[in-house]
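> Model the structure of this input:
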Amino acid sequence: MSKEYDVAVVGGGLLGSAIAWGLGRLGKKAVVLDEGDIAKRASRANFALVWVQSKGLGMPAYTGWTVRASESWGKLAAELKDQTGLDVALQQNGGFHLTLGEDEFAQRAQLVTRMHNQVGAADYKMEMLSASEVRKMLPLIGPEVSGGSFCPLDGHVNSLRTFRAFHTGLKLFGVDYFPERPVSAIARSGGEFRLATPQGEIRAGKVVLSAGNANQSLAPMVGLSAPMGPTRGQIVVTERTMPFLPHPLTTIRQTDEGTVMIGDSKEDQLDDRTLNHSVSAVMADRAQRMFPHLARLNVVRTWSGIRVMPQDGFPIYDQSESAPGAFVTCCHSGVTLASNHAFEIARMVAAGALEPEFVGAFSARR
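Numbering: from 1, shown residues only. Here you go, the predicted structure:
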């Protein structure tokens, strides 16, 4: 099988789908090559936050990039709905990171101060609130809550519907989606890239590697590097309950369907077929200490998922010098940064070059 495309995107998760959707929006002839349902897809296991607070400690450029994404998410949600009819349920009226006890409050306050003191970081107005101030916005918090940080740019979405909207939009834009086409080799010759798949070769003028943790093995094929350090996370989901959480938390969110998602674990274990129930128990205990009424709810679903995670935790956006037209994109925050990927990264790929700020801060050479 051989067909010419302007751009081949390797990876059909949220990251690859957002970039491919953005390329289709710009009128580019694109193809998405995806492992399909066998992939350990973070897009189906994430917590669905559009999250700004505490992002970028140690890399001010990441703070600004995240703020930029938050500010353009409304535009993305509107365009997806106009195109596909799917409402991704974006709610963006600020989010909390709650603390239990005075020690946690002091530690969080210290983090907020360090974030604000970073030279060159965007000001996203994260602030510490006392327990009494939090209670005015979240009246059902428990007595152990000592306060927490609040950021007005934070929010959340229905991530599965977002994933579906991107794929629906891809089809409407005329972007080809080929599942069960893992890429085993990439070569550049005659000014184009040749990508080997089990169903034949795909040819394209440019290639974007957006295959999550698999980028680590794909990137060297085009003279790039993608050092990854994946971890496992677990999520607990309760039965539907009354609306009580108008602002998402770092660790708790109420979905647009009424269920409550609880998740805040990080494990070195990389088998997503199993669960560590002792970890789930700790997450559930903290959740019911923050909101005591949660103790009455039944758990209806739990799962684990493998995080896409560069080794230092910051995004990687790179372009190849030895194979011009090849790009690699890696990030943990596929939901938060989706708008940037759809609007900004797609535009740069279409133009054939990343902007100078990306070649510095976001290159794996850092």
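> For the residue nearest to residue 154 when sequence neighbours are not counted, which residues are in contact?
Nearest in space to residue 154, with sequence neighbours left out and distances taken as Cβ to Cβ, 6 or more residues apart in numbering, is residue 95 at 3.0 Å. Placement of C-beta: from N, CA and C, glycine included. Listed by Cβ atoms under 8 Å, 6 or more residues apart in numbering, the contact partners of residue 95 are 49, 51, 53, 150-151, 154-156, 247-250.
> Among the residues you listed, which are located in strands?
49, 150-151, 155-156 (DSSP state E).
> can you list those residues in TSV and add neighbour count, pLDDT and distance to residue 7?
Formatted as TSV, the ones in strands among the contacts of residue 95 follow (neighbours: other Cβ atoms under 10 Å; pLDDT from 0 to 100; distance: Cβ to Cβ, whole Å):
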residue	neighbour count	pLDDT	distance to residue 7
49	22	96	29
150	23	98	40
151	24	97	35
155	24	98	30
156	25	97	30
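> Go through these and name the one nearest residue 61.
Using Cβ to Cβ, residue 151 comes nearest to residue 61 of these, at 18.3 Å.
> these two touch, right, the closest one and residue 128?
No: taking contacts as Cβ atoms under 8 Å, residue 151 lies outside contact range of residue 128: 10.9 Å.
> between the contacts of residue 95, which is closest to residue 353?
Nearest to residue 353, judged by Cβ to Cβ, of the contacts of residue 95 is residue 51 at 29.1 Å.
> strand partners of the longest strand along the chain, parallel vs antiparallel please.
In the chain, taking DSSP E as the definition, the longest strand is strand 200-209. In the sheet containing strand 200-209, the strands it pairs with under DSSP bridges are strand 4-10 (parallel), strand 192-197 (antiparallel), strand 326-330 (parallel).
> Tabulate the CA atom coordinates of that strand in PDB.
Backbone C-alpha positions of strand 200-209 (Å, rounded to 0.1, in the frame of the first residue of the first chain) are rendered in PDB as follows:
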ATOM      1  CA  GLY A 200       2.400  -1.700   3.600                       C
ATOM      2  CA  GLU A 201       4.300   1.600   3.200                       C
ATOM      3  CA  ILE A 202       3.000   5.100   3.700                       C
ATOM      4  CA  ARG A 203       4.700   8.000   2.000                       C
ATOM      5  CA  ALA A 204       4.500  11.600   3.300                       C
ATOM      6  CA  GLY A 205       6.300  14.900   3.000                       C
ATOM      7  CA  LYS A 206       6.400  15.400   6.700                       C
ATOM      8  CA  VAL A 207       6.100  13.100   9.800                       C
ATOM      9  CA  VAL A 208       5.000  13.900  13.300                       C
ATOM     10  CA  LEU A 209       5.800  11.400  16.000                       C
END
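> So for it, what gets flagged as buried?
Counting neighbours by 16 or more other Cβ atoms under 10 Å, one finds that the buried residues in strand 200-209 are 202-209.
> Report the rounded mean pLDDT for that strand.
Strand 200-209 shows a mean pLDDT of 96.
> Now the element after that strand, going C-ward?
Heading C-terminal from strand 200-209, the first helix or strand you meet, by DSSP states H and E, is helix 215-218.
> pLDDT averaged over that next one, what's the number?
In this model, helix 215-218 carries a mean pLDDT of 96.
> Tell me where the stretch 1-150 of the chain has strands.
If DSSP state E, counting those that start in this stretch is used as the criterion, the strands of the stretch 1-150 of the chain fall at 4-10, 30-33, 49-50, 95-100, 127-130, 145-151.
> how about residue 108, what does it touch?
Under the criterion of Cβ under 8 Å, 6+ apart, the contact list for residue 108 reads 97, 99, 128, 148-149.
> Nearest to residue 311, out of those residues: which one, please.
Distances from the contacts of residue 108 to residue 311 were compared by Cβ to Cβ; the smallest belongs to residue 97, at 24.3 Å.
> what's the distance between that closest one and residue 70?
When Cβ to Cβ, to the nearest Å is the yardstick, residue 97 and residue 70 sit 16 Å from each other.
> Using the record's domain definitions, break this protein down for me.
Each structural domain of the chain that the record assigns through the TED database is listed here as a residue range: 5-80+159-227+312-362, 95-150, 232-306.
> By residue count, which helix of this protein is the longest?
helix 60-84 (DSSP state H).
> can you pull the buried residues of that one?
Neighbour counts over helix 60-84 (16+ other Cβ under 10 Å) mark 60-70, 72-73, 76-77, 79-80, 84 as buried.
> by contact count, what packs against it?
For helix 60-84, the packing partners by 3 or more Cβ pairs under 8 Å, 6 or more residues apart in numbering; DSSP states H and E come out as strand 49-50, helix 159-173, helix 338-340, helix 356-361.
> on that earlier part again, tell me which two of the buried residues of strand 200-209 sit farthest apart.
The largest separation in these, counting by Cβ to Cβ, is between 203 and 209 at 16.2 Å.
> Tell me the one of the buried residues of strand 200-209 nearest residue 322?
Among the buried residues of strand 200-209, and counting by Cβ to Cβ, the member closest to residue 322 is residue 207, at 13.1 Å.
> show me what contacts residue 250?
Applying Cβ under 8 Å, 6+ apart to residue 250 gives the contacts 49, 51, 95-98, 264.
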